[in-house]
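[1] can't give you the sequence, but here's the structure:
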Ligand SMILES: NC(=O)c1ccc[n+]([C@@H]2O[C@H](COP(=O)([O-])OP(=O)(O)OC[C@H]3O[C@@H](n4cnc5c(N)ncnc54)[C@H](O)[C@@H]3O)[C@@H](O)[C@H]2O)c1
């Protein structure tokens, strides 16, 4: 193990507590927690046995009161508060592990990236698929060319249950879609050029929050003519479901066909003669005891890897694997899909640029955000 880190954690709802517990089990220390809502601080202190540490109800106060003792901060507050809560830590040069997405809206996301710049050693984003062993194995198989040229990708993310009553979401596509939008960009190493979507209310779904629907289909194409689809819902009644299918000219790659929850995660590479390639492999989810959020068995190992890698980058001054730049791209993608779904499936053309001003002006011209 490397250095023992002293962490601050701001935002201690469902996932904030998961992060606390992971880094504690990895041998690191929580020296301060905070949340805009004091009831959340008190609940976290009690559940995580953190009675005697410093607490705060404002991120700026936490920077003033505890940044000097911190090696890093984890921010897992409401999405709408991410930029506001992260900025003071970035300014104080504290490395930030920030939950997805960057912000609620695209304008604020661009403003935030403009404010902190493009450096890739400031923030790691909690898009845990980039640290997930089965998905990383699939990416290596894809990059080895075994399925030939990619024709089609389909990424599925289906929750079993609605979010908790405390949750805030600007929309199902924005909130859930960001995970698989980033996954698709990661697998394809390509940014979409056209996006359209629909969002639906299916039978018998009751949520404590209104996020415009419970099921969505996002379709997209890429400049190299790959056809893509993101399937999102909160209604998979038999368990949390994450699947990826990639169809190539010489084979098919399938990750995570539903096989029980928790259960095995199969990475299956099917050749053109209909048989399975020997590099296919199965992984196991975590089998946890007690109460836990529904997504934890599937991504527990990915979160743990993400935290390990985060600390490694902090110690070695390398670049984080997933940064404000990657999540900004995923946000542009899901913003187009969200707006399309609001607009009867209107097709949105999108393009990314390294130059932030050019990128922003192109998003404005594509009606993805308003002018200043
Ligand atoms: N990477 C992932 O897989 C993943 C999973 C879940 C959430 N998230 C992200 O993490 C962020 C937080 O999500 P969450 O699931 O923790 O939401 P949450 O609703 O549990 O917590 C969000 C906020 O709600 C309030 N809250 C929570 N519990 C409370 C309590 N007992 N009493 C009073 N107030 C309470 C707090 O202000 C807390 O910061 C969001 O941005 C979300 O997008 C990421």
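    Arrived safely. None of these values were measured; they are calculated from a predicted model.
[2] how about the residues of the stretch 201-350 of the chain by the ligand?
    Applying CB under 6 Å from any ligand atom, one finds that the stretch 201-350 of the chain approaches the ligand through residue 295. (Glycine included, C-beta is placed from N, CA and C.)
[3] ok, for whatever residue of the stretch 201-350 of the chain ends up closest to the ligand, nearest residue in space, not its chain neighbours?
    The stretch 201-350 of the chain approaches the ligand most closely through residue 295 (5.2 Å), counting by CB to the nearest ligand atom. Once flanking residues are discounted, residue 295 sits nearest to residue 240: 5.8 Å by CB to CB, 6 or more residues apart in numbering.
[4] do a quick rundown of the helices in this protein.
    Under the criterion DSSP state H, the chain carries helices at the ranges 14-25, 38-47, 59-66, 82-91, 106-116, 133-143, 172-188, 296-316, 324-342, 356-365.
[5] okay, those helices in CSV with mean neighbour count and distance to residue 281 next?
    CSV is the format used below for the helices of the chain (neighbours: other CB atoms under 10 Å; distance: least, CB to CB, whole Å):
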stretch, mean neighbour count, distance to residue 281
helix 14-25, 19, 24
helix 38-47, 15, 36
helix 59-66, 19, 42
helix 82-91, 22, 35
helix 106-116, 19, 36
helix 133-143, 19, 6
helix 172-188, 25, 17
helix 296-316, 19, 14
helix 324-342, 25, 26
helix 356-365, 16, 38
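[6] can you pull the phi/psi pair for the residue of the stretch 1-150 of the chain at minimum distance from the ligand?
    Nearest residue of the stretch 1-150 of the chain to the ligand, counting by CB to the nearest ligand atom: residue 13, 2.0 Å away. Main-chain torsions, residue 13, degrees, to the nearest 10: phi -80, psi -150.
[7] ok, it - contacts?
    35, 40, 76, 77, 164, 166, 167 (CB atoms under 8 Å, 6 or more residues apart in numbering).
[8] what do you get for residue 48?
    17, 20, 21, 24, 30.
[9] which residue packs closest to the fourth one, ignoring adjacent ones?
    What sits nearest to residue 24 in space, not counting adjacent residues and going by CB to CB, 6+ apart, is residue 30, at 6.5 Å.
[10] just give me the neighbour total for the one you found.
    By other CB atoms under 10 Å, 22 other residues sit near residue 30.
[11] in the sheet, who's paired with it?
    As for beta bridges, residue 30 partners with residue 7 under DSSP bridges.
[12] make sure it is actually in contact with residue 23.
    Yes - proximity of residue 30 to residue 23 meets the contact threshold set by CB atoms under 8 Å, at 7.2 Å.
[13] list residues touching both of those two?
    Shared contacts of residue 30 and residue 23 (CB under 8 Å, 6+ apart): residue 7.
[14] now do stretch 18-38: distance to the chain's middle.
    Here stretch 18-38 is found 19 Å from its chain centre; the criterion is CA atoms, centre = their mean, to the nearest Å.
[15] how long is that stretch end to end?
    Distance across stretch 18-38, first residue to last, is 18 Å (CA to CA, to the nearest Å).
[16] going forward, the N-terminal residue is numbered 13.
    New numbering, starting at 13: the last item is stretch 30-50.
[17] okay, residue 21 and residue 85: tell me how far apart.
    7 Å (CB to CB, to the nearest Å).
[18] oops, could you answer that again for residue 124 instead?
    16 Å.
[19] pLDDT wise, what is the residue nearest to residue 36 at?
    Listed pLDDT for residue 42 reads 98.
[20] how about low-confidence regions in the stretch 113-262 of the chain?
    Scanning the stretch 113-262 of the chain for pLDDT under 70 picks out no residues.
[21] taking it, what residue is nearest to the ligand?
    Closest approach of the stretch 113-262 of the chain to the ligand (CB to the nearest ligand atom) occurs at residue 178, with a separation of 3.5 Å.
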